[in-house]
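*Asks:* Next one to model:
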Amino acid sequence: MIRAIMHGCGGHMGRVVSELCKNDPEIEIVAGMDIHADDSLGYPVFTRCSDCNVDADVVIDFSVAAAADELLDWCEAHHMPVVFCTTGLSEEQLQKTKKVSESAAVLRSANMSLGINLLLKLVKDAARSLAPNGFDIEILEKHHNRKLDAPSGTALAIADSINDEMNGEYHYKYDRHSFREKRDPKEIGLQAIRGGTIVGEHDVLFCGEDEVITLQHTAYSRAIFGKGAIAAAKFLAGRKPGMYSMEDVIG
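*Replies:* I've put the predicted structure just below:
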């Protein structure tokens with residue numbers, strides 16, 4: 001049984017992960033960390049990381065950027081593996097995660113879904129085979145009407161995965177309405193749709209002469225991110241210090 005601490009346990013994803021772990025015989029939430037104490041979660045909750053004295057094997061973090069530094073300091077001091085799911089980190093905080101990885105195992109990902117991380121591998125294979133044969137690459141993403149950023153971080157991660165595989169030969173085109181010009185074969189188009197309660201959809205199109213190949217991922221619930229984080233926690237517990245990714249988990 002892996003013992004996990006839930007950082008940000010009072011938030012939506014913290015509660016999702018806590019509920020999923022109740023039905024998982026391989027992992028247990030033994031403590032929580034959150035600015036708001038909550039006795040209803042079934043485990044002790046500490047309002048400051050420094051107050052937590054519960055033995056554990058790994059931390060799962062779904063919180064906010066403002067809480068990241070305190071958690072990173074605590075994990076570094078306790079050599080505690082951490083699955084770091086918080087987004088919107090500053091460049092200084094990103095550098096801090098690398099420093100912490102010298103003394104503790106750290107796993108970060110732009111998206112915790114196992115399916116999305118498999119997609120990141122599949123698009124590399126597709127680009128390697130199709131791009132040299134004249135296939136254009138387009139990414140279409142759809143999210144709910146409350147999402148603030150566009151394109152999504154996942155869409156950018158997909159584009160980066162393709163571009164890394166192609167030695168950085170491509171540039172990104174986010175908008176076409178103000179341009180009247182032929183499509184550059186060395187561009188990746190990224191388009192965003194916002195509406196309703198769409199959890200998340202990502203289509204990657206490889207468009208060739210007389211044929212189109214589409215790789216698609218659809219999220220029907222935010223629970224997929226919790227399931228991915230739990231899989232990552234099981235993988236990370238007991239690992240030696242270093243930076244890890246979801247690619248390591250699905251590998």
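*Asks:* residue ranges for the strands of the stretch 101-250 of the chain, please.
*Replies:* Counting by DSSP state E, counting those that start in this stretch, the segments of the stretch 101-250 of the chain that form strands are 105-108, 136-143, 171-173, 187-194, 200-208, 211-219, 242-244.
*Asks:* Columns distance to residue 31 on top of these, output as a markdown table?
*Replies:* Placement of C-beta: from N, CA and C, glycine included. Below are those laid out as a markdown table (distance: least, Cβ to Cβ, whole Å):
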| stretch | distance to residue 31 |
| --- | --- |
| strand 105-108 | 19 |
| strand 136-143 | 33 |
| strand 171-173 | 42 |
| strand 187-194 | 37 |
| strand 200-208 | 30 |
| strand 211-219 | 29 |
| strand 242-244 | 23 |
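*Asks:* Determine which stretch of those strands is the most buried.
*Replies:* Mean neighbour count, computed with mean count of other Cβ atoms under 10 Å, is highest for strand 105-108 among the strands of the stretch 101-250 of the chain, reaching a mean of 25.
*Asks:* what does that strand contact?
*Replies:* 75, 81-84, 97-98, 100, 232, 235-236, 239-246, 248-249 (Cβ atoms under 8 Å, 6 or more residues apart in numbering).
*Asks:* Which entries within those meet the buried criterion?
*Replies:* If you count burial by 16 or more other Cβ atoms under 10 Å, the buried members of the contacts of strand 105-108 come out as 75, 81-84, 97, 100, 232, 235-236, 244-246, 248-249.
*Asks:* Could you check the pLDDT of residue 213?
*Replies:* The score at residue 213 is 98. That number is its pLDDT.
*Asks:* That one pairs with what?
*Replies:* Counting by DSSP bridges, residue 213 is bridged to residue 206.
*Asks:* Was I right to think it contacts residue 127?
*Replies:* No. Under the criterion of Cβ atoms under 8 Å, residue 213 lies out of contact with residue 127, with a separation of 10.8 Å.
*Asks:* which residues do the two both contact?
*Replies:* Counting by Cβ under 8 Å, 6+ apart, the residues touching both residue 213 and residue 127 are residue 206.
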